[in-house]
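1. The sequence and its predicted three-dimensional model are supplied below.
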Amino acid sequence: MPAQLADAFDDLIERKGYTNRSEAIRDVIRRYLVEEEWTTQDAEVVGTVTLIYDHHTHDLGEALTEIQHQRHDCVLCSQHVHLDAHNCLETIVMRGKSSDVRALADGLIGTRGVKHGRLVCTTTGKKLV
Ligand code: NI
């Protein structure tokens, strides 16, 4: 490995609070494997989607609930937080085929009136030690 690359990695390790280089390398490898698994359409994955929306937007809450009911086989649970007088935050945990979880998240995030949405992907970890 080029010294400059190793030095940059060591700086990152220190900033991230790893106690040693091998711990950081294990994390990087796991992250790479998880990302790779997500590219496989049939892999079983876990995803959490976070949505921000204005609860005054007509029928938006009902529309988001309807989408989740249609894919009840994928949705594990949801949590709703009333952030302030207007804004709601909703987190939805999903599990299923990678392609299904992504399609469901895209549908939720793309619903008219959703201000911001983000899907965080991981796996069940079965293949990770
Ligand atoms: Ni609310």
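-> The structure has been received and is ready for your questions. Residues are numbered from 1 along each chain as shown.
2. What is the subsequent helix or strand relative to the helix or strand containing residue 65?
-> Using DSSP states H and E, the element containing residue 65 is helix 60-70. Sequence-wise, the next helix or strand beyond helix 60-70 is strand 75-82, with elements assigned using DSSP H and E.
3. That next one to helix 60-70, inter-axis angle?
-> Angular relation of strand 75-82 and helix 60-70 on a 0 to 180 degree scale: 170 degrees, by axes from the mean of the first three to the mean of the last three CA atoms, to 10 degrees.
4. how about the residues of the protein near the ion?
-> 55, 82, 88 (CB under 5 Å from the ion). The way it works is simple: take the backbone N, C-alpha and C, and place the C-beta from them, glycine included.
5. now do 8 Å
-> Applying CB under 8 Å from the ion, one finds that the chain approaches the ion through 55, 61, 80, 81, 82, 83, 87, 88, 89, 90.
6. need the contact list for the residue of the chain found nearest the ion.
-> The minimum distance from the chain to the ion, using CB to the ion, falls at residue 88 (3.3 Å). Residues near residue 88 by CB atoms under 8 Å, 6 or more residues apart in numbering: 51, 52, 53, 54, 55, 61, 80, 81, 82.
7. Thanks a lot, see you next time.
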